[in-house]
Every structure is written in C-alpha cells, then in structure tokens.
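J.: Whatever this is, show me its structure:
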Amino acid sequence: MINTCTQCGIYRADKTIDPIGPYAICPECGCKHPFLQLPLLMVSGASGAGKTAVCQRLVGKVTQAVLLDSDILWRPEFNTPENRYRDFFETWLRVCKNISQSGRPVVLFGAGTGVPENLEACVESRYFTTIHYLALVCTDDVLAERLQQRPNWRGSNEPAYMKAQLRFNQWFKVYSGTPEIHRLDTTGIPLDETVSQVDRWIQEKTSRGLA
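T.: Model prediction:
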C-alpha cells in the first residue's frame, strides 16, 4: 500500500522517512505519503521455548495489538540461508507495516524474527518507530525435554535438530549486542505466569509507542 506512490505510481520500498509527519517520501517524485509509524514487537526463542503456546493463550486477550505467528507465511522458496532468509523477513515486515496502518501495532512470534541482524538491515524496517525484541529462554535440559515430548512427526527429537535448537537457545542467553533483546527465562515457571509476563511486556511496549 505505502510502497506504491500515489502521485507517480512507482513502486519503491526504499522511501525516505520523515518522522515529523511521519511521511514516506517517494525517491522518484518527492511525494510525501503520510502514514502511521508504530513500533513492532518480536517474541522469539528457540523451538520449544514456548512461543506458540504463549501466542495461542494471548490471541483474543490482547486487544491493543495484532498477534501473529511467523510460520503462517513460510514457504520452501523462503529457505535461503545464504542471504539470511531476506525475502521472508522483508515480506513479514511489509505485512506488519500495512497492518499497522489500522492503528494497532503487530506482535510477531517466531524464531528467526528475534535475531536483530535478520531485521534491522531490511528495507522495510524503516517504517517502524522501533523494533522491540523479547526472547523466551530456558535451561538446556528443560528445552531438550520439551522437544522430546513433541509428536514424532515434527522431528523435534532428531539429534541434529535438537543440537541446533540448544545452540540457538544459548545464543539468546548470551547475546549482549544492540539493539537489546529482553530475556524471559521460562525454566520452572508455569505457562500462565509466562503468558502474564509476556502480556505485561506487550502492554508496556505498545502503550509507550502509541503515547
């Protein structure tokens, strides 16, 4: 919607953002397109950390934001590790940008969406005031147990898969870069308490961003 200029009709995602409007300025003709620039929230973590369970509990409860699971758009053609799955993340950012125009920010639940390096360099990231990151983490033994308890068809108990997820879980636990990733350790915490804490984080970030 915003990428197509209303004046010259050219499609450009790389518009210059003037936060004073805010305006998305067409690099072809200079047309200023007013839009809503809202925050974007990412809830991430390794497979088995609890993302899906929390999302399912919060859908319908959280009304000030739109909650989505990033897996719903995954297709085999997005499997491009050589460029850090760039098309997948650009697509999601474009979807979130357009949903935001309804006046509600998006909370996106997913694994790779919680890695700042995957998103901050994307062209579409310019349309948000900021991207907030929350990672669900736990101890390795708890994560391994959760993965082993999943149905066999998911392949979560395959040694290579488990090793990758344990490594990803550890990455979130030791990350100290910029932008900040807020961590929530779900080890020994009942699901209801995890849901409540994620809910409070969403309330804080969305109310601050819309003030």
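J.: centroid residue for this structure?
T.: Closest to where the C-alpha atoms of the chain average out (C-alpha atoms, centre = their mean) is residue 42, at 3.2 Å.
J.: Tell me which helix or strand that one sits in.
T.: In the assignment (DSSP states H and E), residue 42 maps to strand 40-44.
J.: next SSE after that strand?
T.: Downstream of strand 40-44, the next assigned helix or strand under DSSP H and E is helix 51-58.
J.: Select the longest helix from the chain.
T.: In the chain, taking DSSP state H as the definition, the longest helix is helix 191-210.
J.: Name the nearest residue to residue 1, sequence neighbours excluded.
T.: With C-beta to C-beta, 6 or more residues apart in numbering as the criterion, residue 1 has its nearest non-adjacent residue at 5.2 Å, and that residue is residue 98. Any C-beta I mention is one placed from the backbone N, CA and C, and that applies to glycine too.
J.: Can you classify that neighbour as helix, strand or coil?
T.: Secondary structure, DSSP: H, G, I helix; E, B strand; the rest coil: residue 98 is helix.
J.: roughly how far apart are it and residue 66?
T.: 11 Å (C-beta to C-beta, to the nearest Å).
J.: repeat for residue 99
T.: For residue 99, the distance to residue 66 equals 5 Å [C-beta to C-beta].
J.: so what's in contact with the two at the same time?
T.: By C-beta atoms under 8 Å, 6 or more residues apart in numbering, residue 99 and residue 66 have these common neighbours: residue 106.
J.: Where in the protein is the helix or strand with the lowest mean pLDDT?
T.: Within the chain, no helix or strand scores below helix 191-210, which has a mean of 91 by mean pLDDT, DSSP states H and E.
J.: Enumerate the positions of that helix that are buried.
T.: Judged by neighbour count using 16 or more other C-beta atoms under 10 Å, the buried positions of helix 191-210 are 194, 195, 197, 198, 201, 202, 205, 206, 209.
J.: before we move on, what about stretch 152-161?
T.: Judged by neighbour count using 16+ other C-beta under 10 Å, the buried positions of stretch 152-161 are residue 156.
J.: Low-confidence ranges, this structure, go.
T.: In the predicted model, the chain carries pLDDT under 70 at residues 208-211.
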